[in-house]
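**Q** Here is a sequence with its predicted model. Questions after.
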Amino acid sequence: MKQQVKTRNLKKKKTKESDILENKKKGLRNRETNVISFIFVALFLLMSGYLVYFNVFKASSIIDNPYNKRIDNLENKVVRGNILAADGQILATTQVDEEGNETRYYPFENVFCHVVGLNSAKTGIEGLANFELLSTSGNIIEELADDLSGEKAVGLDVVTTLVPELQEAAYNAMGNNKGAVIAIEPSTGKVLAMVSKPDYNPNDAAEYYSEWLNYDSSESVLLNRATQGLYSPGSTFKILTALEYIRDNDDYESFSYDCTGSAYVAGGTTIPCYDGTVHGHQNLEMAFANSCNGVFSTIGFKLNLAKFKQTCEDFLFNKNLDIGIESSVSSFSMDENAGISEIQETGIGQGKTMISPMHNLMIISAIANNGVMMKPYFIDRVQTREGSTVSQTEPEERATVCTPTEAAIISEYCRTVVTDGTGYAFRYTSYEVAGKTGTAQYDSSDRVHSWFVGFAPYDDPQIAFCVILEGGYTGVPGAQQIAKSLLDAFFE
């Protein structure tokens, strides 16, 4: 009897152990299932998140990529849409002859060549809006009818922000000189005009494009100097040197310097003022207005150089401008380990610092816009051929680069440039201008690039502009006279 009880107890014990073991196995399997389920859920969420990220941030750049063959295939079904000026004038259109042959035609010929770009090369707005120009209104019935008839659909039209009167004024004022003119609305970033010279007739591209490609890159008519050209900023860079001095020195209003026509720092370089001008006693504002190299080649030694580099990078040096069309990255390399000569040269916008005209314009526009830098844009809206709006561009802030107080101080200094300094071309205009002149030596000769950046009206900026004339220019005293022609067209 006892033996039977022991046997039963032993069986129960084994059954319990078996149940416990089985439960452990089930728990382990459940845990493995949960882990696998968690991994799949996590992967699903990651893929969903990336899909959202791709559609919001990456899709447009992939779609508009000139290597996207899917868009090229659209040309077999769609007649490329028109590119229009802000007032509706046609800047680019596709002409179709009786045999169905298509030719891209540019009515203004050379005037808008760089900013509108070439369809064949997908440059400028032709490249920026490539997908939109080959898209249709989305009316399925119309598309089906076109497919059945064998006829091509008509692409959407792109209405730009460009103003023909300003574009033509800038183009004509440049004459045969090399350089660039750009104008934007500082409160929005809307690009009003963009000229680069030397230029070309885009209607001749089929015949001469390969020849244009063979030019030296620095001489090429295809180079958009407004966005791709890189130059020493010269005295226009004193905007940032002055700003950093104001930030680093609370007593900046008591700044004092006696200019003798040049400045020498032991172990460094003798820096002359332009044409050896002796400016005499200067405070910071008048030194800025007179563009005194003696002052700005020496105040660099009173700056926090690490902070100065950060300020310049906050103003987008060493960063992509991200403006939608081809552009170059401006460079600023000076840091706290810089030598004496580098500090002197950098303070006056020489040395290793390089900048594009578009970037220089974005800097002065931020000053005009209370320290907020807007992202430049070229397309106001996309519409059907009948004029119905498909999409509208909204202004976008790129960065807050300085405080409203700092912007107001630099704006006042820029106004003094015109009233009492080097900006003499605007002394007697009906509109009030604020700006900064600049001359930049670029080789061992006495030739210099001529700059002028600014905005107007001073107390309510509606237009900001940048002009550069490359060294060796003729027929005009300097960049500010080109800017005056632009502003005359804008205001009068």
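**A** Thanks, I have the structure now. As the structure is a prediction and not an experimental result, all values here were calculated from the model. Residues are numbered from 1 along each chain as shown.

**Q** Would you pull up how far stretch 451-468 lies from the middle of the chain?
**A** Computed by C-alpha atoms, centre = their mean, to the nearest Å, the separation of stretch 451-468 from the middle of its chain amounts to 17 Å.

**Q** and C312, what is it in contact with?
**A** C312 sits next to 240, 318, 332 when contact means C-beta atoms under 8 Å, 6 or more residues apart in numbering. (C-beta placed from N, C-alpha, C; glycine too.)

**Q** Buried ones among these?
**A** Buried subset of the contacts of C312 (neighbour count, 16 or more other C-beta atoms under 10 Å): 240, 332.

**Q** of the contacts of C312, closest to P202?
**A** Nearest to P202 among the contacts of C312 is N318, at 32.8 Å by C-beta to C-beta.

**Q** how about the helices in the stretch 101-250 of the chain?
**A** 113-116, 124-128, 130-133, 140-149, 164-174, 205-213, 238-248 (DSSP state H, counting those that start in this stretch).

**Q** which of these is buried the deepest?
**A** The highest mean neighbour count among the helices of the stretch 101-250 of the chain, using mean count of other C-beta atoms under 10 Å, belongs to helix 113-116: a mean of 27.

**Q** Export the contacts of C312 as TSV, with columns for distance to A366 and pLDDT.
**A** Shown next, in TSV, are the contacts of C312 (distance: C-beta to C-beta, whole Å; pLDDT from 0 to 100):
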residue	distance to A366	pLDDT
L240	11	98
N318	17	98
F332	16	98
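
**Q** circling back to that earlier point, with respect to I340, which of the helices of the stretch 101-250 of the chain lies nearest?
**A** helix 238-248 (15.9 Å).

**Q** What helix or strand is E345 located in?
**A** If you go by DSSP states H and E, E345 is part of helix 340-347.

**Q** For stretch 78-93, measure first residue to last.
**A** 13 Å (C-alpha to C-alpha, to the nearest Å).

**Q** shaky segments in the protein?
**A** 1-30, 32-35, 38, 48-70, 72, 138-150 (pLDDT under 70).

**Q** I'd assumed G435 was in a helix, is it?
**A** No. With DSSP: H, G, I helix; E, B strand; the rest coil as the criterion, G435 is strand rather than part of a helix.

**Q** how close does it sit to Y208?
**A** 37 Å (C-beta to C-beta, to the nearest Å).

**Q** thinking again about what came up before, could you single out the nearest of the contacts of C312 to N101?
**A** N318 (47.1 Å).

**Q** which residues touch A464?
**A** So A464 contacts 183-186, 361, 364-365, 368, 453-455 (C-beta under 8 Å, 6+ apart).

**Q** for it, phi and psi?
**A** Dihedral pair for A464: phi -120, psi 150, per degrees, to the nearest 10.

**Q** Could you do Y106 as well?
**A** phi -120, psi 100.

**Q** Kindly provide the distance from it to Y257.
**A** Taken as C-beta to C-beta, the span from Y106 to Y257 is 52 Å.

**Q** ok, back up a step: what's the closest of the helices of the stretch 101-250 of the chain to S485?
**A** helix 164-174 (3.7 Å).

**Q** centre of the chain versus the closest one, how much separation?
**A** For helix 164-174, the distance to the chain centre is 21 Å (C-alpha atoms, centre = their mean).

**Q** Report the separation between P186 and A407.
**A** With C-beta to C-beta as the criterion, P186 and A407 are 11 Å apart.

**Q** Give me the common contacts of these two.
**A** Both P186 and A407 are contacted by 366, 368-369, under the criterion C-beta under 8 Å, 6+ apart.

**Q** of those residues, closest to L223?
**A** A366 (25.9 Å).

**Q** hang on, the closest one is in a helix, isn't it?
**A** Yes. Assessed by three-state DSSP, A366 belongs to a helix.

**Q** What separation do you get for it and N304?
**A** Taking C-beta to C-beta, one finds A366 at 21 Å from N304.

**Q** what's the answer for F296, then?
**A** Taken as C-beta to C-beta, the span from F296 to N304 is 16 Å.

**Q** repeat for I367
**A** From I367 to N304 the distance is 21 Å (C-beta to C-beta).
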